[in-house]
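K.L.:
following is a predicted model, sequence given first.
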Amino acid sequence: MNVKLKFEGFEPTEEQLNLLESYISFLKQKHPFKDDVEIHFVMERVGNMTTGQKSKDGVIFILVKDRLNRDVLKTLSHEWVHIYQTSVLKRKNTGDVGGKNEDEANAKSGEDIKRFEYNNPKEEDIIYKPFQTKIEEITNRLNSESPKKLDIISEIKNISIDKLPYEYDSLDKFIDKETMNVHYNKHYKGYVKKLNQELDKIKGKDLDLEQLIKTISKFNQKVKNNGGGAFNHALFWKMLSPKPNKIGEDTITLIKKHFGSFEDFKTEFEEMAKNNFGSGWVWLILTKNNKLKIVTTANQNNPLMNDEPIQGYPILGLDLWEHAYYLRYKNKRDEYISNFWKVVNWGFVEDQLTTRINMNKTK
Ligand code: MN
């Protein structure tokens, strides 16, 4: 195999280049395949990539921005493992969240970076050398006992944008390519961006998004709207899947217990959705007592928000904002609602349900 490296807008130092080369030799040994591969290290996102992306013709794109850190190396492993899966293991090219390929790539890339670091103790120096001054400055500020500590935390953490786990046109049974594109790139990314802008002002970024949602009453309306938008959509993308998939054992058992039958559940969910006036969401939630309920929330509110009248963990949800369906369905919102069932990711629903039931038990 041949490996070609390309740098677009990012110029590695000689040390960084050597590091990359030894990391790639390590990958070649660990996950060998025959195909040639071209790796582009880019400063700006390409297409709808978040941190990395593999194209069908063996080109890997890795977002470096202006740093070459562990995440960058890990992303490289991740995409590399995807090539190994298709070319050596002859698996289908799917990177669905919660799917075998994706889970395996996550696990392997974590192992890779650990193993590589173990064998290359100098890696850390090389990676962090360019940031040495910045790190020293931050360390000094942290040690200075000044109330500036919170500033530093907000500099470090940012709520990130989740990758869309399929193509824009993959859910065509439910929604068209253009709506998905605008919904993901304009609406969802807009919520995340505005949330981060707002958190910058109020120094609240040491929270993760779920924690922020659970304590939403401490924040202002802008954080609530945009935090809800960021959280709801990140969940929503994962609740959908282009692949036909079966409802899980635990899900169907609980649904039958609380709604009588799957048909009764569907009817109630659709009725709640249809009767929701204005912009909002309909949710299947798991309450603290492990009961299933269907609720609607207004605006970008979420049933995990501590100021919602009925609270619980969202297991399945449907976006009822016009921006989610209007291009295709216009005033026929009922059709959008009934087509939703064609793309539900029941595997994700089952995972959420069992995880949350266990979390409720251990509390
Ligand atoms: Mn939306």
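P.N.:
Received, thanks. Since this is a predicted model, take the numbers as computed values, not measurements.

K.L.:
CA atoms for contacts and neighbours, from now on please.
P.N.:
OK.

K.L.:
low-scoring pLDDT stretches of the stretch 151-300 of the chain, where are they?
P.N.:
Low-confidence segments of the stretch 151-300 of the chain, defined by pLDDT under 70, span residues 151-157, 203-206.

K.L.:
do you know how far residue 71 is from residue 106?
P.N.:
Distance of residue 71 to residue 106, computed by Cα to Cα, to the nearest Å: 12 Å.

K.L.:
where do the helices sit along the stretch 1-150 of the chain?
P.N.:
According to DSSP state H, counting those that start in this stretch, the stretch 1-150 of the chain carries its helices in the segments 14-30, 70-87, 100-119, 123-128, 132-143, 149-156.

K.L.:
and what of the stretch 201-350 of the chain?
P.N.:
Listed from the start of the chain, the stretch 201-350 of the chain has helices (DSSP H, counting those that start in this stretch) covering 209-214, 221-239, 249-259, 262-275, 326-329, 333-339, 346-362.

K.L.:
mean neighbour count, the ones you listed: which tops it?
P.N.:
Among those, judged by mean count of other Cα atoms under 10 Å, the one packed with the most neighbours on average is helix 221-239 (a mean of 21).

K.L.:
distance between that one and the chain's centre?
P.N.:
Averaging C-alpha coordinates over helix 221-239 and over its chain gives two centres that are 12 Å apart (Cα atoms, centre = their mean, to the nearest Å).

K.L.:
show me what that helix is packed up against.
P.N.:
Helices and strands in packing contact with helix 221-239 are listed as helix 189-202, helix 209-214, strand 313-319, helix 346-362; criterion 3 or more Cα pairs under 8 Å, 6 or more residues apart in numbering; DSSP states H and E.

K.L.:
got JSON lines for the ones you listed, with distance to residue 100 too?
P.N.:
Rendered in JSON lines, the data for those read as follows (distance: least, Cα to Cα, whole Å):
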{"stretch": "helix 189-202", "distance to residue 100": "27"}
{"stretch": "helix 209-214", "distance to residue 100": "25"}
{"stretch": "strand 313-319", "distance to residue 100": "21"}
{"stretch": "helix 346-362", "distance to residue 100": "12"}
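
K.L.:
what about residue 184, neighbour count?
P.N.:
Burial measure for residue 184: 22 neighbouring residues, criterion other Cα atoms under 10 Å.

K.L.:
ok, it - contacts?
P.N.:
For residue 184, the residues meeting the contact criterion (Cα atoms under 8 Å, 6 or more residues apart in numbering) are residue 164.

K.L.:
and it, helix, strand or coil?
P.N.:
Of the three states, residue 184 takes helix under DSSP: H, G, I helix; E, B strand; the rest coil.

K.L.:
per-domain residue ranges of the protein.
P.N.:
According to the domain assignment given by automatic domain parsing, the chain is divided into the following structural domains: 3-121, 249-362.

K.L.:
if anything else comes up later, I'll come back, but that's it for now.
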